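> Next come a sequence and a model predicted from it.
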Amino acid sequence: MAGTQNELEEGSLLLLDFKKISKIAGGDQDVIPVVVQDVSSSEVLLIAYANLEAVEYSLTHKVAAFWSTSRNELWVKGATSGEYLDLEEIRVNCEQNSLLYLVTPRNQGACHTNQSDGTPRTSCYYRKMDSLSELVFVDDALK
């Protein structure tokens, strides 16, 4: 089930993209998943994908970079939003098929979306499932 970008990011209707992995597999870029975690709070901020170019950029510049599977280009987190994630460490899982970026948010948040008061959300996980069809916003003030 598809929705507009605003419905996906700000809506309360559950529209999970179960075809994401097959879309990536059909692409021409070799990528692996990256879990991004705040090194201080341990909060999971987002999950993205990286190719070799993104990993090299991250290590060289000490800032989280990924491969945008939707735009098919290098994505330096914060380049457009200002919400950079300073890279502290990259960890590799046992099978070497996913990464963990430990980061320190440079500014207020990690997500490109904003709370109702206009401040950036600290994490991309700002809604919880209330049912198989409905999402409920998590109160960022409780974090």
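Done, it's in. Numbering: from 1, shown residues only.
> what residues are up against the spatially most central residue of the chain?
Nearest to the geometric centre of the chain sits Leu46, at 3.0 Å (C-alpha atoms, centre = their mean). Counting by C-beta atoms under 8 Å, 6 or more residues apart in numbering, Leu46 touches 36, 110-111, 123-125. All C-beta atoms are positioned from the backbone trio N, CA, C, and that covers glycine.
> quick one: which of those residues is most hemmed in?
Each of the contacts of Leu46 was scored for neighbours by other C-beta atoms under 10 Å, and Ala110 scores highest at 27 neighbours.
> Which residue is the nearest non-sequential neighbour of it?
For Ala110, ignoring the flanking residues on the chain, the nearest one in space by C-beta to C-beta, 6 or more residues apart in numbering is Leu45 at 3.9 Å.
> residue contacts, that neighbour?
Leu45 makes contacts with 36-38, 85, 103, 105, 110-111, 122-125, as judged by C-beta under 8 Å, 6+ apart.
> Do me a favour and average the pLDDT over stretch 106-119.
Stretch 106-119 shows a mean pLDDT of 82.
> This completes my enquiry, with thanks.
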